[in-house]
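Novice: No letters, just coordinates:
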Ligand SMILES: NC(=O)C1=CN([C@@H]2O[C@H](COP(=O)(O)OP(=O)(O)OC[C@H]3O[C@@H](n4cnc5c(N)ncnc54)[C@H](O)[C@@H]3O)[C@@H](O)[C@H]2O)C=CC1
Ligand SMILES: O=C(O)CCC(=O)C(=O)O
């Protein structure tokens, strides 16, 4: 299922559970603004190249819109729309005062030089600078981007609007970035996983973890989990996969990955086909790369007991469902019975796999982005201990709030997170008098 259809499906299920009428549901679903820009830059060899950029702003009822900028060949309208909508729900689950947005450029950053990336980022910023703003829409890093990308956006934006550190988060510390933002999504994944395991009478230590993706999120999650005594038995990235049933030495793997730009060739384990990573034997599977990777083709073969969604929408609803589509009468006339009936058909659930959904599991990144924005606005820097302590408080509260919604609506964690989020955004929308 395409990313947008999948996200819309989760939204519709949640609004039915909440009893939201179709008029309000429509105004919650339709994006505020969708921008597509052509970015033409000179390449280092003197030729010209054009890349398509997007900024999609989904909702601002709870505050300025917030969300990352992704550089990846698969960036296109529906994907960015889905990611923007997920940001709205994620910020609401975390209970931070933001709406949702997402952006990106359809390009392969590994094929561009640093100076080409800088020119592309600056042209993209020139095209969207009047649509973003400290109280309007605040970008951040996502796949294929990082602190340097944010520094270029900050600099280009500041040429038009004066020095504006709060225009982006996830920027370098020297330009007003927050201590702890780099690690925040991975650290949030650790806190959320701890909360989940504790509910099941388990701790991080003693569990075997498999992680897909060894970039910002995957590598920090691996580091923090292994420091807590978790055994990371396999990881993969775009370059390859590596496995060691005794547990990989994560500090050595991090060093190798930095030096060789990927995990391939690491000597502390056996190489595996990266396409087999999700099927490796483990207790906790952490997809931390692309969307839609757990799908009806592989869901039956997943051996993990827990899936912690560090990536955005890694689980295709077709992995949750068999012969179940969003137009089925079962969903159109949904009642609690029908949701349970439909969930009976879910592959992963039938296997007893517990899924910690993305909008909760990876909300640590945007939460510390919020702390960064607050620090910039106040002109006062927090120490890292305070950042990490506050992050733990937010992640633990998010988990508790989601569990309460699960109890109220007798639903799984994904629907618990969606009902929590949609309810909060719906309340803000109604209070503002924005119902369509
Ligand atoms: N950076 C952040 O703060 C946040 C990121 N996320 C999500 O986490 C996921 C990862 O993002 P980042 O770590 O920031 O990106 P990144 O660009 O730092 O790392 C991406 C990783 O995925 C790997 N990868 C790409 N294609 C792959 C494939 N086909 N198979 C295996 N590995 C593959 C890359 O080699 C790299 O290791 C994305 O879904 C992103 O939207 C979610 C919340 C916040
Ligand atoms: O830090 C942020 O503002 C957004 C991070 C992001 O893009 C995400 O959570 O998917």
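Specialist: Cool, got the structure. These numbers were taken from a predicted model, which means no experiment stands behind them. Numbering: from 1, shown residues only. Ligands and ions are numbered 1, 2, ... in the order given.

Novice: chain center to stretch 206-226: distance?
Specialist: Distance, stretch centre to chain centre, for stretch 206-226: 15 Å (CA atoms, centre = their mean, to the nearest Å).

Novice: what comes up buried for it?
Specialist: 207-226 (16 or more other CB atoms under 10 Å). (Glycine included, C-beta is placed from N, CA and C.)

Novice: now, which of those lie close to ligand 1?
Specialist: 212-218 (CB under 6 Å from any ligand atom).

Novice: ok, of the residues you listed, which one's closest to ligand 1?
Specialist: Nearest to ligand 1 among these: residue 215, at 1.7 Å, using CB to the nearest ligand atom.

Novice: so where does residue 127 fall, helix or strand?
Specialist: According to DSSP states H and E, residue 127 maps onto helix 114-128.

Novice: buried ones in stretch 161-180?
Specialist: Neighbour counts over stretch 161-180 (16+ other CB under 10 Å) mark 164-171, 176-180 as buried.

Novice: mind listing what residue 294 touches?
Specialist: 278, 287, 302, 307, 314-316, 319, 348 (CB atoms under 8 Å, 6 or more residues apart in numbering).

Novice: Now, these that are in strands?
Specialist: 287, 307 (DSSP state E).

Novice: Go through the contacts of residue 294 and name the one nearest residue 26.
Specialist: Set against residue 26, the nearest of those by CB to CB is residue 316 (24.6 Å).

Novice: Retrieve the pLDDT associated with the closest one.
Specialist: The model reports residue 316 with a pLDDT of 92.

Novice: same question, the one 5 residues further on
Specialist: Looking at residue 321, its pLDDT is 57.

Novice: hmm, back to that, of all the ones next to ligand 1 among the buried residues of stretch 206-226, which two lie farthest apart?
Specialist: 212 and 216 (13.7 Å).

Novice: Could you look up the SS state of the residue nearest the centre of the chain?
Specialist: Nearest to the mean C-alpha position of the chain, by CA atoms, centre = their mean, lies residue 312 at 3.9 Å. At residue 312 the chain is in coil, as set by DSSP: H, G, I helix; E, B strand; the rest coil.

Novice: wait, it sits on residue 289?
Specialist: No: contact criterion CB atoms under 8 Å: residue 312 and residue 289 do not qualify, at 10.1 Å.

Novice: Next, the buried residues of stretch 105-119.
Specialist: Buried residues in stretch 105-119 (16+ other CB under 10 Å): 105-107, 109, 112, 116-119.

Novice: no no, stretch 355-375
Specialist: 355-375.

Novice: got the residues of this protein near ligand 1?
Specialist: 141-144, 185, 212-218, 236-238, 274, 288-290, 310-312, 362, 365.

Novice: near ligand 2 too, which of those residues?
Specialist: 142, 312, 362, 365.

Novice: Turn those into CSV, columns for pLDDT.
Specialist: Below are those laid out as CSV (pLDDT from 0 to 100):
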residue, pLDDT
142, 98
312, 98
362, 98
365, 98
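
Novice: Of those, which is the nearest to residue 79?
Specialist: residue 312 (9.5 Å).

Novice: before we move on, which element is the nearest residue to residue 408 once chain neighbours are set aside in?
Specialist: Distances taken as CB to CB, 6 or more residues apart in numbering put residue 419 closest to residue 408, at 7.7 Å, once the chain neighbours are dropped. Applying DSSP H and E as the criterion places residue 419 in helix 413-432.

Novice: cool, and residue 37?
Specialist: strand 33-42.

Novice: residue in the stretch 51-200 of the chain nearest to ligand 2?
Specialist: Counting by CB to the nearest ligand atom, the stretch 51-200 of the chain gets nearest ligand 2 through residue 68, at 2.6 Å.

Novice: Kindly indicate whether that residue is helix, strand or coil.
Specialist: When classified by three-state DSSP, residue 68 comes out as strand.

Novice: now do the one 3 residues further on
Specialist: For residue 71, the secondary structure call by three-state DSSP comes out as strand.

Novice: That concludes my questions; thank you for your assistance.
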